[in-house]
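>>> What follows is a predicted protein model with its sequence.
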Amino acid sequence: MNYTKETYSLAYDPLDQQIDLVGSCRPVEGDEVVEIFRYLVNIHNQVHGTLRLNFRRLRYINAAGIKALSLFVAYARGRNTLKIKLIASGILAWSERVLPTLCNIWDKVEFSVYDKDFYKSQDIIEDLQFIPLLRNQTRILWPQEKEILRRHGLKKGMRTADICCGCGDIPLLISREFETGSIVGIDHSEGAIEYARNSQEEFNISNADFQRGDATALMLDDNSFDFVLCRLSLQIFSEPELILQELIRITKPGGRVYTLCEDYDLIMGYPESDLISQTYDRAAVYGDQMGMDLRNGKKLFGMLSEARLEDIETDYIMVDTNSTDRDAFARVIESWQAFSVGTIGATLGLSEADQSSLSAGYDAQLRAIRSPYGYTNWGMVACSGRKPLS
Amino acid sequence: MASGKWRVASENLLTRYLLLTNLLLAMESGLQTNQEENKAVPFTFDLSFLISDFQQEWGRCNMAANYIAAYAAYQFPQRERVENLISTIANEMLETAVFLAPSHSDLQIRYTQLDDGLHMNITHDIRGDAITPYFALLDVLRGGHSNALYLKLLTDEEESSNNFNQLGLTMICNDFGARLNVKLENKSDRVQTQLFIPIKELSA
C-alpha cells in the first residue's frame, strides 16, 4: 500500500505498523493534499494500537503537506481508536521544528527524534576529542587496508560512499590512492563533518563530498554507488543490521558493500599475555554496557550472508609490532587507554580499583610495544559482499 | 627668463611630484577603503524569476528554494541543518508569492546574511483582491498572536477563500522564529515582503 508521486512516496510497512515518508513532499494545495489525507485515513482504518509515521527520510515538506498531516491527526482524534507516533530526525531540522505542533492537535500524538541518543555511546563517539584517536588508528591501518580494499574490488573511477566516515581521513585517502570517480562521506557528528570539510579544502580534493547524516536513514538514492564502506562503526550500534540494510540499499546491483569491525578476541601480546587479555576482556564487557559489541568481527560473515550478499570475501587486518611503526602503534594504545579508562570509565562510574585494573593491561601492552623483544597486535576482520543483480 | 623657465619647470616637477604623491596616497587610501569595504560587505545575492514559470511548473518553487538554501548554507558550519531550514522557509515564501502575484509579474529575491541573521526580501506584483487579506495576515503575524491562528489553519477543513499560503507563513513564524514585514512599493500593485530570521534560530 504505497502512495507515490514524482518527488516523494508514502509506503506502509505492516510489520512495524509504520508509514515511511521518503523524498521531498511539497504538493500544491488542493487535490494532492486530499489524496495524501485519504491514503493516511485508509491505513488508519486498517490498524489497531499504534500507527507510526516515520519522517527520517523525508527531506522536505511544505505547509500543504503539513496540512494533510494535521487534517489526518484531527480525523484520528475524532475516531479516537489509535495512538500516533511521529518519528523525526535530528538531521532534518524541519522535522524537529514543525512536527511537535501536531502534538498540540491531539494528546495521543507522540513525538520523538530517532537519532537523539540513538546509540548508547553517542555522546563520546561524536565528541571532537575522539578525532585524534580515529586519526592515530587510520595512520597504522591504512598501509594494510588500502591493499585489502583493492583486493575487495575498489577501483579507479568508482562511485564510492563511506558511511560513518568520522573525520573524513579514509574518504580523502581513498580519493587520492584510488582516484575514485567521486566519494561521499557521511557521519552523524557535525564536528567530524566540519573537520572533514576543512581537511578536504586544505588538501584541495574536489571529488569528495561530506554530509551529515543518519546511517540508518541515509539521504542517498537507492542503487547509486559501486562501492560502499562502513568501517569500525557497526560495533557501536545495538542494531547494526539497520545500517547494513541502508548500505545495501544505496549500493548498485553488482556493487560491493565493505565492512570492517574490531574483534577483541583477536588481540594478544607477549610478555604479560594474561594481563593484556584480561584488559581486553574487561573492555569488551564495559563496551557491551555502553551498547558496543567489540567482538563482532567474527559475526560479519554471518551478517552479510543473512543480508543475502553474494561472493563474500573476508580478510584479517593484523596490525602488529612487527609490521607497524612501534611509536605510532603505542600512540593508538595510549589513545585507547585514555578513552577506555578515562572516558568510558567515567561514563560507567568505574571504581578506582576497576579503572586501575583496566589500565594495567594497556600498560602491559605498551611495555610489549616498547620492548625490542615484545610482541602485540590489533586484529580486525574485513568482510565484503556483492549486491545481487536482481 | 632662465630662472622663470626653471621656476616653471620646477613647478611642473613639483606639481607632478605632488600629483604622483597624491595619486599614490589616493591609491593607498583607496586600497584601504576597498579592503575595509570588503570586510564590511555582507554575504548577499539577488535572483530574478518570472512568476508564470512557477505557476506553470509548481516544482520550480522547490528547486529555487533548494538552490537558495544550498548556496546560502555554505556560509555556515552546520551546513545540512541550515540548508534544511532555509529551504523550508524560502519555499513557503516563494509559494506565497506565486499565489499572490499575477502571472505577468516578475519576482525579485534579495538574500542577505548579516551578523544578526538572515534577511530575504521578495518583491513582486500583487493581485488587487489579495492586498487586504495579505496585509491583514501579516498584521496578525507581526502582532505575535499567531499561535491560535496556526492551530486553526492546521485543522480547518475548508480551503482558504483568500487563495494564498496563509498556513505557510504562519508556520515559518511559529516554528522557525521568522519575522515578517510587508510594504507596498511606489506602484500600488507591487509588494515587498521582508523576512528576517535571527541567527540563533539557525544554530539552535
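Sure, I can see it. Numbers count the residues shown, from 1 in each chain, chains lettered A, B, ... in the order given.

>>> Sketch out the strands for the chain, chain order is fine.
Let's take chain A. With DSSP state E as the criterion, chain A has strands at A:2-4, A:8-13, A:18-25, A:49-61, A:82-88, A:109-113, A:159-163, A:182-187, A:208-212, A:225-231, A:251-262, A:269-270, A:310-320, A:375-386.

>>> think we crossed wires, I meant chain B
According to DSSP E, chain B carries its strands in the segments B:43-50, B:106-114, B:117-125, B:179-184, B:190-198.

>>> can you list the ones you listed in TSV and add distance to chain A, mean neighbour count and mean pLDDT?
Bear in mind the C-beta positions are built from the backbone N, C-alpha and C, glycine included. Formatted as TSV, the strands of chain B follow (distance: least, C-beta to the nearest C-beta, whole Å; neighbours: other C-beta atoms under 10 Å in any protein chain shown; pLDDT from 0 to 100):
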stretch	distance to chain A	mean neighbour count	mean pLDDT
strand B:43-50	17	13	96
strand B:106-114	17	17	96
strand B:117-125	14	20	96
strand B:179-184	14	16	94
strand B:190-198	12	19	96
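
>>> if we compare these, which one ends up closest to A:Trp94?
Using C-beta to C-beta as the criterion, the shortest distance between A:Trp94 and these is 13.5 Å, found for strand B:190-198.

>>> Could you count how many residues lie near A:Asp281?
Using other C-beta atoms under 10 Å in any protein chain shown, A:Asp281 is surrounded by 15 other residues.

>>> Identify the residue nearest it in space, chain neighbours excluded?
A:Tyr264 (7.4 Å; C-beta to C-beta, 6 or more residues apart in numbering or on different chains).

>>> contacting residues for that neighbour?
A:Tyr280, A:Asp281, A:Ala283, A:Ala284, A:Leu294, A:Arg295 (C-beta atoms under 8 Å, 6 or more residues apart in numbering or on different chains).

>>> what are the ranges of the helices in chain B?
Assigned by DSSP state H, chain B shows helices spanning B:2-40, B:51-56, B:59-73, B:79-100, B:128-142, B:146-155, B:166-176, B:199-203.

>>> Near chain A, which residues of chain B are found?
If contacts are counted using C-beta under 8 Å from any C-beta of the partner chain, the residues of chain B sitting beside chain A are B:58-59, B:61-62, B:66, B:77-82, B:84-85, B:87-88, B:91-92, B:95, B:150-151, B:153-155, B:157, B:159, B:165, B:167-168, B:171, B:174-176.

>>> Find me the pLDDT at the residue nearest in space to the middle of chain A, would you?
The centre of chain A sits closest to A:Ala215, judged by C-alpha atoms, centre = their mean, with a distance of 4.1 Å. pLDDT, A:Ala215: 96.

>>> how close does it get to B:Asn181?
42 Å (C-beta to C-beta, to the nearest Å).

>>> From B:Asn84, how far off is B:Cys61?
Spatial separation of B:Cys61 from B:Asn84 under the definition C-beta to C-beta is 16 Å.

>>> Kindly report the same for A:Thr81.
Between A:Thr81 and B:Asn84 the distance, using C-beta to C-beta, works out to 34 Å.

>>> Please say which of those two ends up with more neighbours.
Higher neighbour count among A:Thr81 and B:Asn84: B:Asn84, with 23 against 13, using other C-beta under 10 Å.

>>> Narrow the contacts of A:Tyr264 to those in helices?
Judged by DSSP H, helices contain the following of the contacts of A:Tyr264: A:Tyr280, A:Asp281, A:Ala283, A:Ala284.

>>> Next, the contact list for the third one, please.
When contacts are counted by C-beta under 8 Å, 6+ apart, A:Ala283 touches A:Tyr264, A:Leu294, A:Ser340, A:Ile344, A:Leu358.

>>> quick check, nearest of those to chain B?
Distance from chain B was checked for each of these by C-beta to the nearest C-beta. The minimum falls on A:Ile344, at 27.8 Å.

>>> before we move on, the earlier item: what about the strands of chain A, which gets the closest to A:Arg139?
Each of these was checked against A:Arg139 via C-beta to C-beta, and the shortest separation belongs to strand A:310-320, namely 10.2 Å.

>>> Buried ones in that closest one, by neighbour count?
Neighbour-count burial for strand A:310-320, with 16 or more other C-beta atoms under 10 Å in any protein chain shown as criterion, is recorded at A:Ile312, A:Glu313, A:Asp315, A:Ile317, A:Val319, A:Asp320.

>>> who's in contact with A:Asn54?
For A:Asn54, the set of contacting residues under the criterion of C-beta under 8 Å, 6+ apart consists of A:Gln18, A:Ile19, A:Asp20, A:Leu21, A:Ile87.

>>> Need the nearest residue in space to whichever residue of the stretch 101-250 of chain A sits closest to chain B, chain neighbours excluded.
With C-beta to the nearest C-beta as the measure, the residue in the stretch 101-250 of chain A that lies nearest chain B is A:Arg212; the distance is 4.4 Å. Distances taken as C-beta to C-beta, 6+ apart place B:Glu80 nearest to A:Arg212, at 4.4 Å, with adjacent residues excluded.

>>> same deal with A:Met318?
For A:Met318, ignoring the flanking residues on the chain, the nearest one in space by C-beta to C-beta, 6+ apart is A:Gly379 at 5.2 Å.
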